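# would you be able to build a 3D model of this:
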Amino acid sequence: MNDANNNNKAQQDDDDYLRFLGWFLNILSLTSVFLFSGIIFGWAPLELWLLEEGQFSNHCHDADATPFDPTAAAACPEQMNQLNAIFTVAQFLLSFASLPVGFVL
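This next block holds a predicted model:
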């Protein structure tokens, strides 16, 4: 009778641990999404901010292209290509990382 109680207690402890581990992994994955995917999904305002700061303006050959003027039509194509490359690589890595993370969860 004592062995049966010990087995039930051990099984319940294992179930509690697995339930805790499941909640912990879900909270951890949601936290990582909130912390790290904002750069990808909030890219449009971030791109404008980077243009205003003059990021990759050294790729522009026209002296009038720096600093970025928000009222102007657009930045130089080389600068936009660099910013688009950052977004493309970041989006690919976010999508690619979901495969091993999903496998682990």
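
# in this protein, which spans are helices?
2-36, 38-41, 43-53, 77-104 (DSSP state H).

# tilt between the longest one and helix 77-104?
An angle of 170 degrees separates the directions of helix 2-36 and helix 77-104 when computed by axes from the mean of the first three to the mean of the last three Cα atoms, to 10 degrees.

# quick one: average pLDDT of helix 2-36?
Mean per-residue pLDDT for helix 2-36: 79.

# just the third one next, same as before
Per-residue pLDDT over helix 43-53 has a mean of 86.

# just checking, what packs against that helix?
For helix 43-53, the packing partners by 3 or more Cβ pairs under 8 Å, 6 or more residues apart in numbering; DSSP states H and E come out as helix 77-104. In short, each C-beta sits where N, CA and C put it, glycine included.

# returning to that earlier point: most tightly packed of the helices of the chain?
helix 43-53 (a mean of 14; mean count of other Cβ atoms under 10 Å).

# about what we covered before: quick one, which of the helices of the chain is nearest to residue 60?
Distance to residue 60, taken as Cβ to Cβ, is lowest for helix 77-104 among those, at 5.6 Å.

# that closest one - what's its average pLDDT?
Averaged across helix 77-104, the pLDDT comes to 84.

# my guess is residue 39 meets residue 46, correct?
Yes. At 6.6 Å, residue 39 counts as touching residue 46 under the criterion of Cβ atoms under 8 Å.

# what do those two both touch?
Among the neighbours of residue 39, none is also in contact with residue 46 (Cβ atoms under 8 Å, 6 or more residues apart in numbering).

# distance check, residue 21 against residue 8.
To residue 8, residue 21 is 20 Å away according to Cβ to Cβ, to the nearest Å.

# returning to what we had before: same list (the helices of the chain) but as CSV, adding distance to residue 60.
As requested, the helices of the chain are exported to CSV (distance: least, Cβ to Cβ, whole Å):
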stretch, distance to residue 60
helix 2-36, 30
helix 38-41, 24
helix 43-53, 11
helix 77-104, 6
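
# between those, which one is nearest to residue 61?
Among the helices of the chain, helix 77-104 sits nearest to residue 61 (Cβ to Cβ), with 7.7 Å.

# first to last residue in stretch 25-45, what's the distance?
Length of stretch 25-45, first residue to last, Cα to Cα, to the nearest Å: 31 Å.
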